[in-house]
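Enquirer: Fold the following for me, if possible:
(4 chains)
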Protein chains: 2
Amino acid sequence: MNEPSTRNPTLDDVAALASVSTATVSRYLNNPKVVAAATAERIREAIAQTGYIPNMLAGGLASSKSKMVSVLIPHLTDSIFNDTIQTMAEELAGAGTTVMMGLTGVAPERTDEMILAAMGRRVDAIISTAPLGPQTRELVERFPGLFIQIWELPEDPPGIAVGFSHRDVGRDVARFLQSRGYRRPLLVTAEGARARIRSDGFIEEWQALGGGEVAQAQVDIPSRFGHARRIFADMRRMAELPDVVVCGSDYLAQGLIVEAQAAGLRVPDQLAVMGFGNSALAGAMRPTITTVDIDGSRIAREAIAAIRHHATGAPPLARSIDVGFRLIERESA
Amino acid sequence: MNEPSTRNPTLDDVAALASVSTATVSRYLNNPKVVAAATAERIREAIAQTGYIPNMLAGGLASSKSKMVSVLIPHLTDSIFNDTIQTMAEELAGAGTTVMMGLTGVAPERTDEMILAAMGRRVDAIISTAPLGPQTRELVERFPGLFIQIWELPEDPPGIAVGFSHRDVGRDVARFLQSRGYRRPLLVTAEGARARIRSDGFIEEWQALGGGEVAQAQVDIPSRFGHARRIFADMRRMAELPDVVVCGSDYLAQGLIVEAQAAGLRVPDQLAVMGFGNSALAGAMRPTITTVDIDGSRIAREAIAAIRHHATGAPPLARSIDVGFRLIERESA
DNA sequence: CTGAAAGCGCTTACAG
DNA sequence: CTGAAAGCGCTTACAG
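Expert: Numbers count the residues shown, from 1 in each chain, chains lettered A, B, ... in the order given. Next up, the predicted model:
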């Protein structure tokens, strides 16, 4: 039961105990069906007896497949990406691949650092939610694995992209709100390229449809519940109150509903609120929040499918995968 | 400018270009001050020219220091651990260490899998929020790195523990609520060992202080905003309405406030609500949420300090680090 | 301050 | 189906 155990058992120990070569043990580990049943049995026993745990650093070095994937997100708290990451981590873990998490924050140089770190670990893929600057792009071009940009669809992605059109989201929301009869929207935009594109899309369509001026307010990224107090306070100082507030996240939308109600306004009658992301709370809030559903799990699954496809050596099936979005009408707008 | 670049540049390429041995380049990379200034300069240039990115798989294998840390949490969404993970990832990244994220879910066997994966990658430390079963414990005992259990303080942790006493939290909350004059608490407990210990502490103290029966309700883990509807509906069917609901998270507390208000109850006058975790929304909600603050960032920093200390080869300074907690009185209870 | 060389623990053609 | 052997790209005593 108790080995001398001064050091970790290695492949050699297992091979010796099973009276086979290390090559055979390695094959058993990576592709069990190529070894004879009787041999496999002996190896299995030897592994159990030694308590062998394969050293994936060595394996990765020898095979130049690290079975690691780097996932880059700006932050964790109130993150709209959580479903994507969660699905990613779960599905990959099932396949023996682990997720290396990189928090890029808002500063673009952090993204470069994290990509460098990922490349240093020879990850099989980098999945990034961060829009790339020109410098980062150069770096990524040298990455031998698969680079997947998610949650947006740039014109000319360095690797492949899995996401949806933020401009179309903005447009659809504009069309929806006008058809509902709203006339004085307030657009609360977080810093960041994607939010800006949604806003542009909104304004474009809003005015193309004959809508008037669009009021705007800024919050820092990510747009959170806590932003609502200031936004609402500022709003009350406007010459004319907006009739609908378009938020960059369901969290902020929730915050605005709370503020409005605390001030005695009925939602949506006196103030409508629209969210983004369809997080779980959107359907559970009172009133339930009208929002835009993004299938974050599907983004993860498409990314993983692309990674698996890439692993076969085949060229990508598509450079851009559009998972679309769905406007969900509920009570708040 | 454009190398032939059929393969990644290696240490050898850099060494050759700088006319030094690979040993010297390696030293420059890991401990720059031991190489002569002039040599360092040549190496720096060679690195820039080749675009060399060190292969940390090889480095880790040779040095048996992977510069990776595995962080195990049950899930990402609405997670009370987000601050801890965020701080951890940020501080470690600054030191060139990366975080390998393991989502253990609720099933204990997933935890074992993730620990095995971490050991296979020869991580320097495993930081886990999951309470350990006997089987896992055996596994952990063989882990040569530092095992850190966080968010709780078990009697006899396999490595070290950084957390606080959940029992004391329960007791303090009981004492606080009785002193505030509440008499009919409803305890909403999530599944999971820690929540149970807080509940036990609460009930113990509540009754020691002469309080009567404590009503209880169950939710699955983690306790979320969305649980509130059912809990509130069930509550209304109780013979006598509770006067305070003690929640396992601020999210659930928020949900109950929303439900109560939607039903026309004033919080806290007709129904008080108490949260747990002091997430950002607790201070921003209306009414603001009375809760228990856990300094998640500090837990991360203490864990990192322990890892650094461990790296020097010294024995741990303490097996248990209690970061405490703070009851924060706000408006909701 | 620097170099030659062994070694870390695997994988993978190649040959049988 | 299996083995011998080279090689993956680093680090680190050891010696100078």
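Enquirer: Any part of the helix or strand of chain A with the lowest mean pLDDT near chain B?
Expert: Sorting the helices and strands of chain A by mean pLDDT, DSSP states H and E puts helix A:134-141 at the bottom, at a mean of 86. No. Counting by Cβ under 8 Å from any Cβ of the partner chain, chain B is not contacted by helix A:134-141; separation bottoms out at 9.2 Å. C-beta: built from backbone N, CA, C; applies to glycine.
Enquirer: And the contacts of that helix?
Expert: Outside helix A:134-141, the residues that touch it by Cβ atoms under 8 Å, 6 or more residues apart in numbering or on different chains are A:108, A:111-112, A:115-116, A:119, A:126, A:130, A:132, A:147, A:158-159.
Enquirer: Of these, which is the nearest to residue A:22?
Expert: residue A:119 (29.3 Å; Cβ to Cβ).
Enquirer: so what's the closest one closest to, chain neighbours aside?
Expert: Using Cβ to Cβ, 6 or more residues apart in numbering or on different chains and skipping the chain neighbours, the partner closest in space to residue A:119 is residue B:53 (5.2 Å).
Enquirer: what residues are up against the one you found?
Expert: A:116, A:119-120, B:8-9.
Enquirer: Helix, strand or coil: sort out it for me.
Expert: coil (DSSP: H, G, I helix; E, B strand; the rest coil).
Enquirer: Enumerate the residues of chain A near DNA strand C.
Expert: With Cβ under 7 Å from any atom of the strand as the criterion, chain A meets DNA strand C at residues A:7-8, A:10-12, A:22-23, A:26-27, A:29-30, A:52, A:54-55, A:58-59, A:61-63, A:65.
Enquirer: Show me which positions of the least confident helix or strand of chain A end up buried.
Expert: Using 16 or more other Cβ atoms under 10 Å in any protein chain shown as the test for burial, helix A:134-141 gives A:136, A:139-140.
Enquirer: Could you list which of the contacts of helix A:134-141 belong to helices?
Expert: Per DSSP state H, helices hold the following members of those: A:108, A:111-112, A:115-116, A:119.
Enquirer: Now that we have the residues of chain A next to DNA strand C, which of them are buried?
Expert: Here the buried ones among the residues of chain A next to DNA strand C, as counted with 16+ other Cβ under 10 Å, turn out to be A:8, A:10-11, A:26-27, A:29, A:52, A:54-55, A:58-59, A:61, A:65.
Enquirer: what's the closest non-adjacent residue to residue A:227?
Expert: Closest to residue A:227 by Cβ to Cβ, 6+ apart is residue A:219, at 4.4 Å.
Enquirer: Now for whatever residue of the stretch 151-300 of chain A ends up closest to DNA strand D, how many residues are close by?
Expert: Per Cβ to the nearest atom of the strand, residue A:159 is where the stretch 151-300 of chain A lies closest to DNA strand D, at 21.4 Å. If you count neighbours by other Cβ atoms under 10 Å in any protein chain shown, residue A:159 ends up with 20.
Enquirer: Show the contacting residues for the nearest residue to it once chain neighbours are set aside.
Expert: Of all residues not flanking residue A:159 in the chain, residue A:147 sits nearest, at 3.2 Å (Cβ to Cβ, 6+ apart). Going by Cβ under 8 Å, 6+ apart, residue A:147 touches A:125-126, A:128, A:140, A:157-160.
Enquirer: give me that answer again for 7 Å
Expert: A:126, A:140, A:158-159 (Cβ atoms under 7 Å, 6 or more residues apart in numbering or on different chains).
Enquirer: On the strand side of things, show who it bridges to.
Expert: Judged by DSSP bridges, the bridge partners of residue A:147 are residue A:126.
Enquirer: that older thread, my guess is the residue nearest to residue A:227 contacts residue A:192. True?
Expert: No. Assessed by Cβ atoms under 7 Å, residue A:219 is found out of contact with residue A:192, at 10.4 Å.
Enquirer: Could you check which of these two has the larger neighbour count?
Expert: Neighbour comparison, residue A:219 and residue A:192: the larger count goes to residue A:219, with 21 against 18 (by other Cβ under 10 Å).
Enquirer: The more buried one and residue B:13, how far apart?
Expert: Noted for residue A:219: a distance of 48 Å to residue B:13, by Cβ to Cβ, to the nearest Å.
Enquirer: what's the answer for residue A:104, then?
Expert: On the measure of Cβ to Cβ, residue A:104 and residue B:13 end up 29 Å apart.
Enquirer: what angle sits between the helix or strand harbouring residue A:57 and helix B:108-120?
Expert: Using DSSP states H and E, residue A:57 maps to helix A:56-63. Taking axes from the mean of the first three to the mean of the last three Cα atoms, to 10 degrees, helix A:56-63 and helix B:108-120 form an angle of 60 degrees between their directions.
Enquirer: Domain map for chain A?
Expert: A:11-54, A:66-163+A:296-323, A:166-293 (automatic domain parsing).
Enquirer: Least confident of the ones you listed, on average?
Expert: Sorting these by mean pLDDT places domain A:66-163+A:296-323 lowest, at a mean of 90.
Enquirer: Centre of the chain to it, how far?
Expert: 8 Å (Cα atoms, centre = their mean, to the nearest Å).
Enquirer: ends of it, how far apart?
Expert: From its first residue to its last, domain A:66-163+A:296-323 covers 28 Å (Cα to Cα, to the nearest Å).
Enquirer: Closest one of the buried residues of helix A:134-141 to residue B:86?
Expert: residue A:136 (21.8 Å).
Enquirer: so how far is residue A:115 from the closest one?
Expert: 6 Å.
Enquirer: from the stretch 201-333 of chain A, which residue is nearest to DNA strand C?
Expert: For the stretch 201-333 of chain A, Cβ to the nearest atom of the strand, closest residue to DNA strand C: residue A:311, 11.4 Å.
Enquirer: excluding its backbone neighbours, what's nearest that residue?
Expert: In space, residue A:311 is closest to residue A:124, 7.0 Å off (Cβ to Cβ, 6+ apart).
Enquirer: neighbours of the one you found, just the number please.
Expert: Counted with other Cβ under 10 Å, residue A:124 comes out at 23.
Enquirer: Over to residue A:234?
Expert: Neighbours of residue A:234 using other Cβ under 10 Å come to 12.
Enquirer: quick check, the helix or strand where it lies touching chain B?
Expert: Taking DSSP H and E as the definition, one finds residue A:234 inside helix A:228-236. Yes. Applying Cβ under 7 Å from any Cβ of the partner chain, one finds that helix A:228-236 is in contact with chain B at residue A:229.
Enquirer: elements contacting that helix?
Expert: In this structure, helix A:228-236 packs against strand A:215-219, helix A:250-262, with contacts taken as 3 or more Cβ pairs under 7 Å, 6 or more residues apart in numbering or on different chains; DSSP states H and E.
Enquirer: Show the end-to-end separation of stretch A:259-279, please.
Expert: 19 Å.
Enquirer: And stretch A:234-248, by the same measure?
Expert: One end of stretch A:234-248 sits 17 Å from the other (Cα to Cα).
Enquirer: Can you point out the buried residues in it?
Expert: A:235, A:242-248.
Enquirer: what two of those are the furthest from one another?
Expert: A:243 and A:248 (18.6 Å).
Enquirer: Could you say which helix or strand holds residue A:286?
Expert: Using DSSP H and E, no helix or strand contains residue A:286.
Enquirer: residue contacts, it?
Expert: B:258-259, B:262.
Enquirer: Keep only the residues you listed that also lie close to chain A.
Expert: Answer for those near chain A (Cβ under 7 Å from any Cβ): B:258-259, B:262.
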